[in-house]
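Peer 1: Please work out how this folds:
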Amino acid sequence: MEHSAEGTGERPWGLVTGASSGIGEELARQMVQNGFDLMIVAEDEAILDVAAELSDLADVRPVRADLATHAGNEMVIDLMAQDGRPLAAAAINAGIGVHGRLVDTELDDHLRLIALNIVSAVHLGRAVAKDMVARGEGRLLFTSSVASQMPGPFYTTYAASKSFIQSFSQGLREELRDTGVTVTALMPGPTDTEFFDRAGMDHTKVAEGPKDDPADVAQAGFTAMMAGDDHVVTGWRNKLQTAAAGVLPDAMAAKVHRSMTEPHESS
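Peer 2: Next comes the predicted model:
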């Protein structure tokens, strides 16, 4: 697939959301190392540091935007339109988790998770896909999770949001078949990022167990996106878990998942 980027020579233009740390930061690094100029988006100030580091290699534009809000998504869409460069690839990656029983945690935290993990993915994903379809080419990557494959007690809305993303990305992929635009779902398992700390999941088996390197996850995601694959599960443990989830009834899968996500007292 050939790319062009007006005003930037031969370097294609890309977008990564949630790029201030973790998998998103590594996706941005992958794209820059593979010849992309980038717009990178996150709410926190660390996005400026990532842009400063990567700017030695490419034209990297940091955008601070709260993608849990309608205005934040519209700002990103407007900035892309003002820039005028055709978007060759986009990684819709921003997401958060909330840990604890639904009845014991704050409603606003869960509604913010839904706004960021689901609503923003639809909002930005639709805008990006519409532009790509109009041009007849493009690569879209949505960060799903192996958690999408089974109910997730004690981070129920997170697991459910990833089930939405998994279904959404694969449905959109079929809608866009024969348009020149591909949609890929990245399905990581536990990864060595700030996710568990930010979600309040430090004292769980999943947080204390083995984790994948975010750079490896990002490399697998970027490769699958550029190849136009429908999805990629990263790490052999996660491939086994995904296979098991496919044969277990939901009620049993939820019990298995609970053993990994239920909080326990730290020693």
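Peer 1: Can you report phi and psi for residue 92?
Peer 2: Reported as degrees, to the nearest 10, the phi and psi values for residue 92 are phi -90, psi 100.
Peer 1: State the pLDDT value of residue 5.
Peer 2: For residue 5, the model assigns a pLDDT of 38.
Peer 1: Strands of the stretch 101-250 of the chain, start to end?
Peer 2: Per DSSP state E, counting those that start in this stretch, the stretch 101-250 of the chain carries strands over the ranges 138-143, 181-187, 231-233.
Peer 1: and residue 112, which of those strands is closest to it?
Peer 2: Taking CB to CB as the criterion, strand 138-143 is the member of the strands of the stretch 101-250 of the chain that comes nearest to residue 112, at 17.3 Å. Backbone N, C-alpha and C define where each C-beta goes, glycine included.
Peer 1: So what are the sheet partners of that closest one and their directions?
Peer 2: Strand partners for strand 138-143, identified by DSSP bridges, are recorded as strand 87-92 (parallel), strand 181-187 (parallel).
Peer 1: Now tabulate the strands of the stretch 101-250 of the chain in a markdown table and tack on mean pLDDT and mean neighbour count.
Peer 2: Output for the strands of the stretch 101-250 of the chain, formatted as a markdown table (pLDDT from 0 to 100; neighbours: other CB atoms under 10 Å):
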| stretch | mean pLDDT | mean neighbour count |
| --- | --- | --- |
| strand 138-143 | 98 | 26 |
| strand 181-187 | 97 | 27 |
| strand 231-233 | 91 | 21 |
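Peer 1: Distance to residue 47 added to those, as JSON lines?
Peer 2: Listed next are those as JSON lines, based on distance: least, CB to CB, whole Å:
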{"stretch": "strand 138-143", "distance to residue 47": "17"}
{"stretch": "strand 181-187", "distance to residue 47": "20"}
{"stretch": "strand 231-233", "distance to residue 47": "25"}
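Peer 1: Which stretch among those strands approaches residue 250 most closely?
Peer 2: Judging these by CB to CB, what sits closest to residue 250 is strand 181-187, at 18.0 Å.
Peer 1: And the contacts of that closest one?
Peer 2: Contact with strand 181-187 is made by 23, 91, 93, 129, 132-133, 136-146, 148, 165-166, 169-170, 172-173, 176, 217, 220-221, 224-225, 228-234, 238, 242, as judged by CB atoms under 8 Å, 6 or more residues apart in numbering.
Peer 1: Alpha carbons of it, as CSV, please.
Peer 2: As requested, C-alpha coordinates have been extracted for strand 181-187 and formatted as CSV (Å, rounded to 0.1, in the frame of the first residue of the first chain):
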residue,chain,number,x,y,z
VAL,A,181,-9.5,0.8,4.3
THR,A,182,-8.7,-2.0,6.8
VAL,A,183,-9.6,-2.2,10.5
THR,A,184,-7.5,-4.2,13.0
ALA,A,185,-8.1,-5.0,16.7
LEU,A,186,-5.1,-5.1,18.9
MET,A,187,-5.7,-7.6,21.8
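Peer 1: Any idea how far it is from the middle of the chain?
Peer 2: 10 Å (CA atoms, centre = their mean, to the nearest Å).
Peer 1: which helix is the longest one in the protein?
Peer 2: For the chain, the longest helix by residue count, based on DSSP state H, is helix 156-175.
Peer 1: Please enumerate the helices of the protein.
Peer 2: Applying DSSP H to the chain gives helices spanning 22-33, 46-54, 70-83, 107-114, 120-135, 156-175, 195-198, 205-208, 214-227, 236-245, 250-261.
Peer 1: Turn those helices into JSON lines, including mean pLDDT.
Peer 2: As requested, the helices of the chain are arranged in JSON lines below (pLDDT from 0 to 100):
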{"stretch": "helix 22-33", "mean pLDDT": "97"}
{"stretch": "helix 46-54", "mean pLDDT": "97"}
{"stretch": "helix 70-83", "mean pLDDT": "97"}
{"stretch": "helix 107-114", "mean pLDDT": "98"}
{"stretch": "helix 120-135", "mean pLDDT": "98"}
{"stretch": "helix 156-175", "mean pLDDT": "97"}
{"stretch": "helix 195-198", "mean pLDDT": "69"}
{"stretch": "helix 205-208", "mean pLDDT": "65"}
{"stretch": "helix 214-227", "mean pLDDT": "95"}
{"stretch": "helix 236-245", "mean pLDDT": "54"}
{"stretch": "helix 250-261", "mean pLDDT": "71"}
